[in-house]
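**Student:** here is my input; please provide its structure:
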Amino acid sequence: MSTALETPQSRTYTSLRAAWIPMFALCLAFFVEMVDNTLLTIALPTIGRDLGSGTTALQWVTSAYSLTFGGLLLTAGSIADRFGRRRVLQFGLGAFGLISLAVLLVHSTGELIALRAALGVAAAAMAPITNSLVFRLFDDQALRMRAMTVMIVVGMSGFILGPVLGGTALAHIGWEWLLLVNAPIALIAWIGVRIGVQPDRAEDLTNDRLDLPGAVLSIAAIGFGCYTLTSGIDHGWASLPTLGSLAGAIVALAAFIWRERSAKQPMLDLKVFADGTVRGAAIAQIATSIAMAGVMFGLILHFQYAYGWSPMKAGLANLPLVLTMILGTPVSEFLMKRFGHRIACLVGAVLLGGSLAGLAWGVDHGYIAIAIFMVTLTLGLRTVMTIGAVALVGAMPENRTSLGAALNDTAQEVGTSVGTAVVGTLIAALVTATLPAGVWSSDLVASFFHGERIAYAALAVAVGAIAALGAFTLTDPRETDDH
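**Tutor:** Model prediction:
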């Protein structure tokens, strides 16, 4: 079996086995960041009771992380491509671990939301760099594809495993420990990166200036957009706060586009979207995250409130998602090798839309019906996510791989914010803005099922259309034929 290239200062490897140390460290870093996306999801009812939170407040416990994370990804990718990917990753891991310890000081929902927002900032310095470094461990295109596939499986498994691990832990410990555990994991990942990942060479970095105005405008656009949905429930859709937030989102987005088009060294050169591969992959990734975040937010409430299950049992109920994400690799690889990017992505879009429509029917037909559509949904997620990540990073210049990975993650986090906001908003509007403690009445359960049906049906149409648009936009449909 071949090993790393011969020189001690080698930057690339000739097999996944030879690269096991950096692969392990980078996968662990990506895993802890993705787990934290959803780890608290299973604890939302518990947190709501402990801190006296309503539906919209709980929505922001999860959205605050996605908001700062998604808003800063492009900035973090630009910083990494300029100052060194390993250096920025180590900073992010250190900050992530230290901030997680601050949960011991949290006594209110507002403090928890602020903590989650700070964790999102640290995580933004981790996700795009881990993907970029994995991509750069290998010169061979086939090995790059396989390494990225491993990263996606690990990351998405972490995203889905969050509620499973959290639910199991909540049977024995308080919800605060779900964040405290980040500290030792981040430390192990930091040591692994330090040992296994070599510093970047100066010739592999860019000298472009950082576009701080672009970063601020992107955060404002995403933040105002998500708040508009929440404000519509709290204050009314025609209220001044809602309309003001909507106007702020539109103005910030327009200003961001103007800034990126006019800046000499933009954070995101919008010309990259002229490439159908970049544009299609980003669109498809938004669809996958809307689907995943919306379903996970809704089903956690479904299992714990409508069914009255314990956090541990509700977490274990997500195992179909986890197992399919891990075991579904042959299916997604077959689709890509047999049909190429475009058709495989289109098949994934059909699976996403059809599964969400199935969930709209299955929410009041028992767990077995839900589990079946969880499996088909994950097959669609697995296929589209892999195609999107590999195609998008591969389409970027060598000195901009971190920015490419950041663009991929930004698309996913925008989708996560939208999916959580849409389902949380619809449930609050159609069912209740306050989550009652104890066993729900039969009338409230029936109302909740009705709200879920509408939410999932709406997601089915939106996600299916967005993913299909991304699939048809892809311009390199047979990139995976060689591996």
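
**Student:** which helices and strands sit right next to the host helix or strand of Gln412?
**Tutor:** Element membership of Gln412 [criterion: DSSP states H and E] is helix 401-430. Counting contacts by 3 or more CB pairs under 8 Å, 6 or more residues apart in numbering; DSSP states H and E, helix 401-430 packs against helix 55-83, helix 127-136, helix 212-235, helix 276-301, helix 367-394, helix 442-473. All C-beta atoms are positioned from the backbone trio N, CA, C, and that covers glycine.

**Student:** same question for stretch 113-128, mean pLDDT?
**Tutor:** Averaging pLDDT along stretch 113-128 gives 87.

**Student:** the helix holding Gln412 to helix 127-136, inter-axis angle?
**Tutor:** 140 degrees (axes from the mean of the first three to the mean of the last three CA atoms, to 10 degrees).

**Student:** distance from the chain centre to helix 401-430, please.
**Tutor:** 7 Å (CA atoms, centre = their mean, to the nearest Å).

**Student:** start at 32 instead
**Tutor:** Happy to do that; since the first residue is 32 now, the last one works out to helix 432-461.

**Student:** that helix to helix 307-332, inter-axis angle?
**Tutor:** Going by the same axes, to 10 degrees, helix 432-461 makes 40 degrees with helix 307-332.

**Student:** what mean pLDDT does helix 432-461 get?
**Tutor:** Here the average pLDDT along helix 432-461 is 72.

**Student:** hmm, back to that, nearest to Pro297, of the helices and strands packed on helix 432-461?
**Tutor:** helix 243-266 (6.2 Å; CB to CB).

**Student:** now the helix or strand following the closest one and helix 243-266, what's the angle there?
**Tutor:** Later in the chain than helix 243-266, the nearest helix or strand by DSSP H and E is helix 271-293. If you take the same axes, to 10 degrees, helix 271-293 sits at 160 degrees to helix 243-266.

**Student:** what's helix 271-293 packed up against?
**Tutor:** helix 243-266.

**Student:** where does pLDDT dip in the stretch 382-514 of the chain?
**Tutor:** Counting by pLDDT under 70, the ranges of the stretch 382-514 of the chain that qualify are 428-434, 444, 448, 459-470, 506-514.

**Student:** go again using 90 as the cut-off
**Tutor:** Along the stretch 382-514 of the chain, segments meeting pLDDT under 90 span 394-397, 412-487, 489, 501-514.

**Student:** so what secondary structure elements neighbour the lengthiest helix in the chain?
**Tutor:** Secondary structure of the chain per DSSP state H: the longest helix is helix 360-393. Here helix 360-393 touches helix 172-201, helix 307-332, helix 398-425, helix 473-504, going by 3+ CB pairs under 8 Å, 6+ apart.

**Student:** output stretch 274-288 as PDB, restricted to C-alpha atoms.
**Tutor:** What follows is stretch 274-288, C-alpha atoms only, in PDB (Å, rounded to 0.1, in the frame of the first residue of the first chain):
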ATOM      1  CA  LEU A 274     -42.100  45.400   7.700                       C
ATOM      2  CA  GLY A 275     -39.000  47.200   9.000                       C
ATOM      3  CA  SER A 276     -37.100  43.900   9.300                       C
ATOM      4  CA  LEU A 277     -38.100  42.900   5.800                       C
ATOM      5  CA  ALA A 278     -37.000  46.200   4.400                       C
ATOM      6  CA  GLY A 279     -33.700  45.800   6.300                       C
ATOM      7  CA  ALA A 280     -33.100  42.400   4.700                       C
ATOM      8  CA  ILE A 281     -33.800  43.700   1.200                       C
ATOM      9  CA  VAL A 282     -31.600  46.800   1.700                       C
ATOM     10  CA  ALA A 283     -28.800  44.800   3.200                       C
ATOM     11  CA  LEU A 284     -28.900  42.200   0.400                       C
ATOM     12  CA  ALA A 285     -28.900  44.900  -2.300                       C
ATOM     13  CA  ALA A 286     -26.000  46.700  -0.600                       C
ATOM     14  CA  PHE A 287     -24.100  43.400  -0.300                       C
ATOM     15  CA  ILE A 288     -24.500  42.700  -4.000                       C
END
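
**Student:** residues in contact with it?
**Tutor:** Residues outside stretch 274-288 that contact it (CB atoms under 8 Å, 6 or more residues apart in numbering) are 245, 248-249, 251-252, 255-256, 258-259, 262, 301.

**Student:** how confident was the prediction at Gly102?
**Tutor:** At Gly102, pLDDT is 71.

**Student:** surely it is in contact with Phe255?
**Tutor:** No: the pair Gly102 / Phe255 is not scored as a contact, 11.0 Å apart, by CB atoms under 8 Å.

**Student:** settle it for me: which of those two has more neighbours?
**Tutor:** The neighbour count for Gly102 versus Phe255, taken as other CB atoms under 10 Å, is higher for Gly102 (26 against 20).

**Student:** give me the distance between the more buried one and Tyr96.
**Tutor:** Using CB to CB, to the nearest Å, Gly102 is found at 11 Å from Tyr96.

**Student:** equivalent analysis for Ile219, please.
**Tutor:** 21 Å.

**Student:** ok, the two, which is more surrounded?
**Tutor:** Tyr96 (28 against 16).

**Student:** ok, that one - contacts?
**Tutor:** Tyr96 touches 67-68, 147-148, 150-151, 154, counting by CB under 8 Å, 6+ apart.

**Student:** out of those residues, which one sits closest to Arg80?
**Tutor:** Taking CB to CB as the measure, Arg80 sits nearest to Arg147 out of these, at 18.1 Å.
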